[in-house]
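> What would the 3D arrangement of this be:
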Amino acid sequence: MNRRVRLSRLLLALLLVLPLLTPFAGPAAAQVDDAEPEQDIDALVIDPNAGVADIMQISGLLDPLLADFIIDTLDAADDGRVRAVILQVNSTGSVISDEELNEVADAIVSAPVPVTMWVGPSNASALGPWAELAALADRVGIAPGARFGELGEERLDPRFGADWGAAANLMRNDTIAADEALELGIASFPAPTVGEFLVGMTDLGIETAVVETDDGPRVVPTTRPRFQRLSLLAGQLHTVASPPVAYLLFTIGLALLVFEFYTAGVGVAGVVGAGMFLLGCFGLYILPVNLFAVILLGLSMLAFSIDVQTGVPRFWTIVGALALVAGTITLYRDGVSMSWIPMVVGIVGITMMMVTGMPTMVRTRFSTPTIGREWMIGELGEAVEAVDPDGVVSIDDALWKARTNRATPIAAGDRVRVAAVQGLVLEVEPEEGAARDYRERRGSRGES
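Numbers count the residues shown, from 1 in each chain. As a prediction, the model looks like this:
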């Protein structure tokens, strides 16, 4: 798949969410921040003739948004001012195809300026395809506490020659730390911060100077560091495409839509639910998911909604809970996963909302008169279970929570007639032999 096809595919997904993200819309270009690098220094010497060093701050899975960000930034580096580009990486993998990954690799090797990679800060990681791409960089730095490796299967085209040699076997299914990277020759020198990594690139065009600090002389860059990150809109979409966020947006959005379905009009819950659902769809579109798991999540909401109407947790509530658990656990594939925290939040939160919160909220909104259900008065049905004084009845093949009218008990299987509607609860009476109100009897005697 070429880059134009990839962009077209992404734009089709964006058409669904752009109306909701209009307030965040901004330039497609990356945001630029001229902040100083992470160095504890008392002075910084900037030479306007020493050019700039672009530091691309990359975090999260490598998705189409990040891939285009890298490619576009490297293409724009040929402006006569950029001396080098540093990829500051903290990522556990990739969700793009091998062909798209090779496009990123091609942009790195054909860049008009040196391209380097720094894995940091501490506790950061560069795993899988990132470790492969690092083999194409002009220099690699790893912060203490960061992890590097887990190459897995080779994904880059052999023409790039991305080979770590003997170290590849060590990193195939494992990671290495900064000190091990130095011993294996993967990293050239210690680089606790991106600033210290920058000043070690004098042979790649970065200019430096010595300044006096309280701790003595120190080498600092005179080439101006320029931090670049995704634009506001692209950054929001990149966040949406993270596994836990996409899952929670999708499931919570569906739950809110179910709630709105059982309430009158289009309210806040419907608007918020639709927005979250569309954003969740976008995230799941970018991520590798199992289609059957997405279907299970949708079916779980359908099953929950059947019992929401009756207000009584029954068989379909159990089906919904099981489908929600199965869909959550099997949602992602190809090594993409999420921690147990969002899974527990989604499963427990949605189930509790459907079992306890949803019926209560629905009854509260429908505690006023019938809201368009007057047509049901006089309708005939059947008691699914004994109504004495509360139970469940079937009217026109739909289950409803019911209570007896005038304290007349009704056995399971008996025919019933709807006498009144109070919110989502029907007041019913036996089709034959219903008790009469004493006021009606008095009125009848008076008339006679």
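> so where is this structure shaky, pLDDT-wise?
Residue ranges of the chain with pLDDT under 70: 1-46, 263-267, 309-312, 357, 359-374, 407, 423, 433-448.
> can you give me the helices for the stretch 301-448 of the chain?
315-329, 340-352, 358-365, 438-447 (DSSP state H, counting those that start in this stretch).
> Now do the longest one: which elements does it pack against?
Same thing as helix 315-329. For helix 315-329, the packing partners by 3 or more C-beta pairs under 8 Å, 6 or more residues apart in numbering; DSSP states H and E come out as helix 243-261, helix 291-310, helix 340-352. In this view, the C-beta of every residue, glycine as well, is placed from N, C-alpha and C.
> could those be laid out in CSV, adding mean neighbour count and distance to Ala166?
Putting the helices and strands packed on helix 315-329 into CSV (neighbours: other C-beta atoms under 10 Å; distance: least, C-beta to C-beta, whole Å) gives the following:
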stretch, mean neighbour count, distance to Ala166
helix 243-261, 21, 34
helix 291-310, 19, 40
helix 340-352, 16, 37
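> With distance to Asp388 added, can I get these in TSV?
Formatted as TSV, these follow (distance: least, C-beta to C-beta, whole Å):
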stretch	distance to Asp388
helix 243-261	30
helix 291-310	16
helix 340-352	29
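> Out of those, flag the one nearest Arg406.
Smallest distance to Arg406 across those (C-beta to C-beta): 22.0 Å, for helix 291-310.
> quick one: contacts of the closest one?
By C-beta atoms under 8 Å, 6 or more residues apart in numbering, the residues outside helix 291-310 that reach it are 250-251, 254-255, 257-258, 261-262, 284, 313-317, 319-324, 326-328, 330-331, 350, 354, 358-359, 362, 392, 398-401, 424.
> and those, which are buried?
Among the contacts of helix 291-310, the ones that count as buried by 16 or more other C-beta atoms under 10 Å are 250-251, 254-255, 257-258, 262, 284, 313, 316-317, 319-321, 323-324, 326-328, 331, 350, 354, 358-359, 362, 392, 399-401, 424.
> sorry, back to before: please name whichever of the helices and strands packed on helix 315-329 is nearest to Ala131.
Short answer: helix 243-261, nearest of these by C-beta to C-beta, at 20.5 Å.
> what's the angle from that closest one to helix 291-310?
Computed by axes from the mean of the first three to the mean of the last three C-alpha atoms, to 10 degrees, the angle separating helix 243-261 from helix 291-310 equals 30 degrees.
> elements contacting helix 243-261?
So helix 243-261, by 3+ C-beta pairs under 8 Å, 6+ apart, packs with helix 232-240, helix 268-286, helix 291-310, helix 315-329, helix 340-352, helix 358-365.
> Any chance of TSV for those, columns distance to Ile142?
What follows is these, written out as TSV (distance: least, C-beta to C-beta, whole Å):
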stretch	distance to Ile142
helix 232-240	24
helix 268-286	28
helix 291-310	36
helix 315-329	34
helix 340-352	28
helix 358-365	50
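> contacting residues for Gly253?
Val272, Gly273, Ala274, Gly275, Met276, Phe277, Leu278, Leu279, Gly280.
> rewinding a little: to Asp68, which of the helices and strands packed on helix 315-329 lies closest?
Closest among those, once you apply C-beta to C-beta, is helix 243-261, at 19.0 Å.
> How about Ala143, nearest residue that isn't a chain neighbour?
In space, and not counting its chain neighbours, Ala143 is closest to Gly120: 3.4 Å by C-beta to C-beta, 6 or more residues apart in numbering.
> ok, and what's touching stretch 406-420?
So stretch 406-420 is in contact with 376-389, 391, 393, 395, 402, 404-405, 426-437, going by C-beta under 8 Å, 6+ apart.
> how does it look with 6 Å?
By C-beta atoms under 6 Å, 6 or more residues apart in numbering, the residues outside stretch 406-420 that reach it are 376-377, 379-383, 385-388, 393, 405, 426-431, 434-435.
> what about burial for those residues, which qualify?
376, 381, 383, 385-387, 393, 405, 426-430, 434.
> Report the separation between Ala323 and Val268.
27 Å (C-beta to C-beta, to the nearest Å).
> what's the answer for Val348, then?
For Val348 relative to Val268 (C-beta to C-beta), the value is 24 Å.
> Same question for Asn169.
Taking C-beta to C-beta, one finds Asn169 at 57 Å from Val268.
> And for Val308?
In terms of C-beta to C-beta, Val308 sits 19 Å off from Val268.
> One more: Asp414?
To Val268, Asp414 is 42 Å away according to C-beta to C-beta.
> Quick one: residues contacting Glu382.
Contacts here follow C-beta under 6 Å, 6+ apart; on that basis Glu382 touches Ser394, Arg415.
> do the same with Gly145
Listed by C-beta under 6 Å, 6+ apart, the contact partners of Gly145 are Ser122, Asn123.
> now do 10 Å
Gly120, Pro121, Ser122, Asn123, Ala124, Ser125, Ala177, Ala178, Pro192 (C-beta atoms under 10 Å, 6 or more residues apart in numbering).
> more neighbours, Asp414 and Val268?
When neighbours are counted by other C-beta atoms under 10 Å, Asp414 and Val268 differ, and Asp414 comes out ahead with 17 against 9.
> Okay, that one and Phe315: tell me how far apart.
Asp414 is 21 Å from Phe315, by C-beta to C-beta.
> likewise Glu99?
Distance, Glu99 to Phe315, by C-beta to C-beta: 47 Å.
> Can you tell me, leaving aside adjacent residues, what's nearest to Thr251?
That would be Gly346: by C-beta to C-beta, 6+ apart, it lies 5.1 Å from Thr251.
> so who does the one you found touch?
Contacts were defined as C-beta under 10 Å, 6+ apart; by that measure Gly346 touches 244, 247-248, 250-252, 255, 297, 324-325, 327-328, 331, 338.
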